[in-house]
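Novice: Give me a 3D structure for the following:
(one chain, ligands or ions: 1)
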Amino acid sequence: PSRLLLQVRVAQVTPDHLLLLAEDLTQARRLEAVRRDFVVNVSHELKTPVGALSLLAETVQDAADDPEAVRRFSARMRSEAARLSALVHEIIELSRLQVAGALEDAEEVVVDDVVQEAVDRARTAADAKSVRIVSGGDPGVVVIGDRNLLVTAVRNLLDNAVAYSPAGTRVNVGVRRRGDLVEVAVVDEGVGIDAADQERVFERFYRVDPARSRDTGGTGLGLSIVKHVAADHGGDVSVWSQPGRGSTFTLRLPVATPAAAPAAPDAPTT
Ligand code: ADP
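Specialist: As a prediction, the model looks like this:
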């Protein structure tokens, strides 16, 4: 249980009055702790690829007269550098989201356009793994938001669905309007996530299987970015999964034009 932290100041003293002001610092303290953890985690996560890079550089130097070794180690340097670059990119993205909080470039955004763009961008990785992405659902649903952030969110879900699925499986992404909300569900037939981990996957840097995530190029930040994007749009993201069978991640956003009548999607119209 978290304790309440109050800062009390004497605001005014007169012969017959004492005015005290109390300020609740609980939230501020919590944010401070979150920020501190983030910095510690970031330093830790950056150390791995940076350490690998400097070791590899040394190795290349020592192997200068062995072209085959130089080629092999240079290739590994390139892949470590790519990881590092992805990590830095996501860290910047996440800290921007954490600082900004509210949306800066909000406009009307059509959800199936966002999905289409995210699918296009995820396609290369999916093709390379022979995972088929299928999309569909309600067309023309509009939300108010930042298009690029929404594409990033759906893309992160798709990239994960592909990364944690075996070759030959299918990933389905569907858009459904439900009353005043629109749901984007990304369904995969992959490894799944057990119940204990389902609660934690949205945490920064949390990975169910760090070694596997590293193989897939994962940073452990993708889902926390999705969570922040959802929250900044007044929505949320949740997961449902059966280990060994697959996972469904659902992004829920408020629609731009809520139904005038009480939300009842299939109520009779007159
Ligand atoms: P990463 O960059 O490691 O994928 P994420 O924040 O995107 O980081 O996801 C956190 C962890 O949640 C992953 O390391 C993985 O273990 C798990 N995960 C995410 N999406 C899926 C999925 N579709 N199927 C199975 N596991 C998943």
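
Novice: quick one: stretch 200-213 near the ligand?
Specialist: Yes - judged by Cβ under 6 Å from any ligand atom, stretch 200-213 and the ligand are in contact via 201, 206-209, 213. Heads up, the C-betas are built off the backbone N, CA and C, glycines and all.

Novice: what comes up buried for that stretch?
Specialist: Of the residues in stretch 200-213, those buried under the neighbour-count criterion (16 or more other Cβ atoms under 10 Å) are 201-202, 204-208, 213.

Novice: Does the ligand have contacts with the longest helix along the chain?
Specialist: Selection of the longest helix in the chain by residue count, based on DSSP state H, yields helix 26-62. No - using Cβ under 6 Å from any ligand atom, helix 26-62 never reaches the ligand; the gap is at least 10.8 Å.

Novice: Can you name every helix or strand that that helix contacts?
Specialist: helix 67-100 (3 or more Cβ pairs under 8 Å, 6 or more residues apart in numbering; DSSP states H and E).

Novice: If we use 10 Å, what do you get?
Specialist: Secondary-structure packing of helix 26-62 (3 or more Cβ pairs under 10 Å, 6 or more residues apart in numbering; DSSP states H and E): helix 67-100, helix 210-215.

Novice: per-stretch mean pLDDT over these, give me the minimum one.
Specialist: With a mean of 68, helix 210-215 has the lowest mean pLDDT of the helices and strands packed on helix 26-62.

Novice: helix or strand right after that one?
Specialist: Downstream of helix 210-215, the next assigned helix or strand under DSSP states H and E is helix 222-232.

Novice: For the helix or strand just after that next one, the averaged confidence score.
Specialist: Scanning forward in sequence from helix 222-232 by DSSP H and E, the next helix or strand is strand 236-242. In this model, strand 236-242 has a mean pLDDT of 97.

Novice: If we go by neighbour counts, what in strand 236-242 is buried?
Specialist: Within strand 236-242, the residues scored as buried using 16+ other Cβ under 10 Å are 237, 239, 241.

Novice: Pro166 against Lys129, yeah?
Specialist: Yes - the criterion here is Cβ atoms under 10 Å, and Pro166 meets it with Lys129 at 8.4 Å.

Novice: follow-up on the earlier one: so which of the buried residues of strand 236-242 is the closest to the ligand?
Specialist: Nearest to the ligand among the buried residues of strand 236-242, counting by Cβ to the nearest ligand atom, is Ser241 at 6.9 Å.

Novice: Quick check on the closest residue to that closest one other than its chain neighbours: phi, psi?
Specialist: Leaving aside its chain neighbours, Ser241 sits nearest to Ser247 (3.9 Å; criterion: Cβ to Cβ, 6 or more residues apart in numbering). Per-residue torsions, Ser247: phi -130, psi 150 (degrees, to the nearest 10).
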